[in-house]
Each structure stands twice: as C-alpha cells, then as structure tokens.
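Asks: here's a sequence, model it:
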Amino acid sequence: MPYVVRDEEGRITGLLAQPAEGGEELLPKDHPDVIAFLDGGIAQPQASLAASDSGMARVTEDLIDLLIANNLINFTELPAEAQRKLLTRRSMRTGDALNLGLVGRGEVI
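Replies: Numbers count the residues shown, from 1 in each chain. The predicted structure follows:
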C-alpha cells in the first residue's frame, strides 16, 4: 500500500513507499485515485512503449531486408534462430498479402 502525496485540488502527485511530510495518507494500490494516477502518469508511457513494439519489429525486419538487399550483410551470417524467425515472418506476411489480394504473385513485399 503506497503513501500518497496530493496537490491543493486533491489529485495524487506522487506515491511513496514510506510516509513523509505531505505524504502520510496510506491507500491500497487498487484504490481508484491510485489507479487514475498510474494511468495518467507512470503507466501511460509504458503502455505507449509496449504498443510501439510491434511497429518496431516490422521496422527491424525491413532494415534487415534492406541490409541484405544491399549486400551489407548476408542472411546466412545471422544466427540460425534469427534466420528461422525472419523466414517464418516473411512467409506469413507474403501469404497474408497474397490471400488478401494486396499484391500480385511474384511481387516482393
């Protein structure tokens, strides 16, 4: 249970592990005020970061494809597990695109 620090309007501005001046009020971690503080403060950047992970995975795949296409790295230089994952993702992306009619046969994605 954290100790909370509130502003003049009663909004939580901080959470403390130990009581301190201005932070003597103890609330359970599932209290609506604590949850609202975390959702609007600390938890929000973490959620945004997690949401961007899948986009960054796609950027990484595209970067690896670009490096290979420009002969800056060889696919076979990548660890076997990385090769397997990239091939699996590539086949899934190609299969999905073909099934949806987004690209013609023979086009590289």
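
Asks: next one, pLDDT for the closest residue to I64 other than its chain neighbours please.
Replies: Leaving aside its chain neighbours, I64 sits nearest to L86 (6.5 Å; criterion: CB to CB, 6 or more residues apart in numbering). To be clear about C-beta, it is placed using only N, CA and C from the backbone, and glycine gets the same treatment. If you check L86, the pLDDT there is 92.

Asks: tell me if I am right that L86 is in a helix.
Replies: Yes - assessed by DSSP: H, G, I helix; E, B strand; the rest coil, L86 belongs to a helix.

Asks: thought P79 was touching it, still the case?
Replies: No - the criterion here is CB atoms under 8 Å, and L86 misses it with P79 at 10.4 Å.

Asks: against the centre of this structure, work out the most remote residue.
Replies: Distance from the centre of the chain peaks at E21, with 36.2 Å (CA atoms, centre = their mean).

Asks: which parts of this structure are strands?
Replies: In the chain, the segments counted as strands under DSSP state E are 3-6, 12-16, 25-26.

Asks: M92: which of those strands is closest?
Replies: Closest to M92 of those, according to CB to CB: strand 12-16, at 42.1 Å.
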